[in-house]
Structure formats: structure tokens, C-alpha cells
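> dropping a prediction and its sequence here:
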Amino acid sequence: MGAAAGGPAQRGAFSPADIRHALLLYGVTDSAWLHGRTLADCVRQAIAGGTTFIQLREKHMTTDELVAEAATILPVCRTAGVPFLIDDDVEAALRSGADGVHVGQSDTACAEARRVLGPDAIIGVSAQTVDQALAAQAAGADYLGVGALIPTPTKPDAVDVTKEELARICAAVDIPVVGIGGLHMNTLDVLTGTGVAGAAVVSAIFAADDIEAAARELASALRDMNL
């Protein structure tokens with residue numbers, strides 16, 4: 001991974017190979033599932049269980065609130081050498097020192113996020129079609145999030161993407177792809193044979209009573225799939 005043994009990673013420390021490897025188990029936060037826990041504690045447990053990438057996705061938070069929350073999570077990710085991105089809010093990513101940002105089709109354009117955050121930031125882009133995937137790659141995206149693969153209450157407005165379309169997207173681009181949307185232990189098989197680098201999950205990790213155990217089970221299953 002990007003963090004050297006002698007110290008924490010800084011923005012830009014993750015190579016393309018590091019990013020691809022880190023996408024195996026991509027944890028996306030949702031404070032609706034905290035049940036008295038802090039996001040930083042939940043992230044710490046998730047990483048201890050084998051989560052390899054963290055995204056702060058809290059649609060109800062203001063930019064200032066995201067920056068404040070990131071300050072609690074970023075040190076956890078730095079210590080573990082795990083990439084940390086903020087969803088959608090480029091300003092929050094810039095101010096917090098996050099490793100980058102993930103943007104959707106209706107969010108800040110990838111090229112604009114790259115301009116603001118610089119060449120070393122990790123930029124992820126949501127895509128549902130081959131055309132969107134190719135456009136994101138051309139605009140400088142480092143990876144794609146493709147879904148929703150399974151209908152999911154956390155993203156009720158998401159466009160459903162078939163397994164076949166996921167495979168076509170993976171074949172069309174050179175950058176890695178992470179599948180997202182309704183993925184948990186019983187639905188991971190939708191990823192088999194598609195060419196994805198990993199799975200992005202929300203409730204399968206953060207809604208669990210034992211977050212570390214849930215992450216460990218998911219990470220083990222994904223490694224066994226030889227994605």
C-alpha cells in the first residue's frame with residue numbers, strides 16, 4: 001500500500017497499482033447506522049477487519065461539518081495506509097487534506113475536481129454506462145464506481161446496472177472499477193467474472209453490530225473470489 005513503514009501516507013502517495021489493490025473492500029460511511037458510536041470508531045473497526053478504502057459519504061453534512069468529521073477519520077486512515085476520500089464535496093476534500101474525492105454524474109465534473117485538487121489526488125467517478133465510463137477515464141478519473149448492482153435503499157435514485165453492463169464497462173476502460181449497490185455476503189456473486197477490482201459497501205459494514213467481524217468476512221470472501 002501507499003504508506004511506507006516509517007510513517008503515514010501523504011496525499012499523492014498512492015500509485016495506480018495501490019489504488020487498484022485498495023479497491024478490494026471499499027467502505028462507504030453512513031452515520032444513520034452509528035447507534036451511539038462515532039464515525040472514526042466505526043472506520044477504525046472496519047479497517048481492523050480488512051477494509052482497504054474509506055469514503056466519507058454524509059449527504060446531510062455541510063462542508064464545514066465534513067471537514068470536521070474528516071479530521072477525526074483521516075488520522076485513522078493515514079496510520080493504516082488506507083486511502084480516504086470524501087464524496088462529492090471537492091472543497092471539503094481540499095480543506096481536509098483527504099486523498100481525493102468521489103463524484104457522481106450530477107456532481108462536480110471530474111476535470112474540475114482534478115483542477116482543484118491537483119494531479120496527485122485520487123478522483124473516483126460514478127458511471128452506469130460504457131460511454132460514461134470512457135468519458136470519466138478521458139477526464140482523468142483514477143477509478144470508477146459502477147452501480148447500483150442490486151436495488152438498495154441507501155441510493156434509491158441510483159440507476160440499476162446489470163452484471164453484463166458491469167463487465168462491458170470493466171472491459172472498456174484501463175482504470176479499475178469497483179462495484180456498488182446492495183452488495184453484501186449474499187450478493188457478492190454478481191461481481192464474479194466481471195473484471196472488477198472489488199466491492200463498495202455501506203450497510204454491510206457500517207450497519208453491523210460487530211463492524212470488524214463483518215469487514216473481515218467480506219474481505220475474506222472477496223479475496224477468495226480472486227477478482
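Structure's in. What do you need? Numbers count the residues shown, from 1 in each chain.
> pLDDT weak spots in the chain?
Low-confidence segments of the chain (pLDDT under 70): 1-12, 152-159.
> now with 80?
Within the chain, the segments meeting pLDDT under 80 span 1-12, 107, 151-159.
> helices along that one, start to end?
Taking DSSP state H, the helices of the chain run over residues 16-22, 39-49, 63-80, 90-96, 110-117, 130-138, 163-172, 203-206, 211-224.
> my guess is Gly198 contacts Arg223, does it?
No - taking contacts as Cβ atoms under 8 Å, Gly198 lies outside contact range of Arg223: 9.9 Å. Heads up, the C-betas are built off the backbone N, CA and C, glycines and all.
> what residues are shared contacts of the two?
Leu24 (Cβ atoms under 8 Å, 6 or more residues apart in numbering).
> only alpha carbons, please: show stretch 48-63 as PDB.
This file holds the C-alpha atoms of stretch 48-63, laid out as PDB (Å, rounded to 0.1, in the frame of the first residue of the first chain):
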ATOM      1  CA  ALA A  48      -9.100  -3.600  11.500                       C
ATOM      2  CA  GLY A  49     -11.400  -6.100   9.800                       C
ATOM      3  CA  GLY A  50      -9.800  -5.600   6.400                       C
ATOM      4  CA  THR A  51     -11.500  -2.700   4.800                       C
ATOM      5  CA  THR A  52      -9.000  -1.300   2.300                       C
ATOM      6  CA  PHE A  53     -10.500   2.100   1.200                       C
ATOM      7  CA  ILE A  54     -12.700   4.600   3.000                       C
ATOM      8  CA  GLN A  55     -15.100   7.200   1.700                       C
ATOM      9  CA  LEU A  56     -16.800   9.700   3.900                       C
ATOM     10  CA  ARG A  57     -20.300  10.000   2.400                       C
ATOM     11  CA  GLU A  58     -22.700  12.000   4.500                       C
ATOM     12  CA  LYS A  59     -25.100  13.900   2.300                       C
ATOM     13  CA  HIS A  60     -26.700  15.800   5.200                       C
ATOM     14  CA  MET A  61     -23.400  17.400   6.400                       C
ATOM     15  CA  THR A  62     -22.200  20.800   5.400                       C
ATOM     16  CA  THR A  63     -18.800  21.400   4.000                       C
END
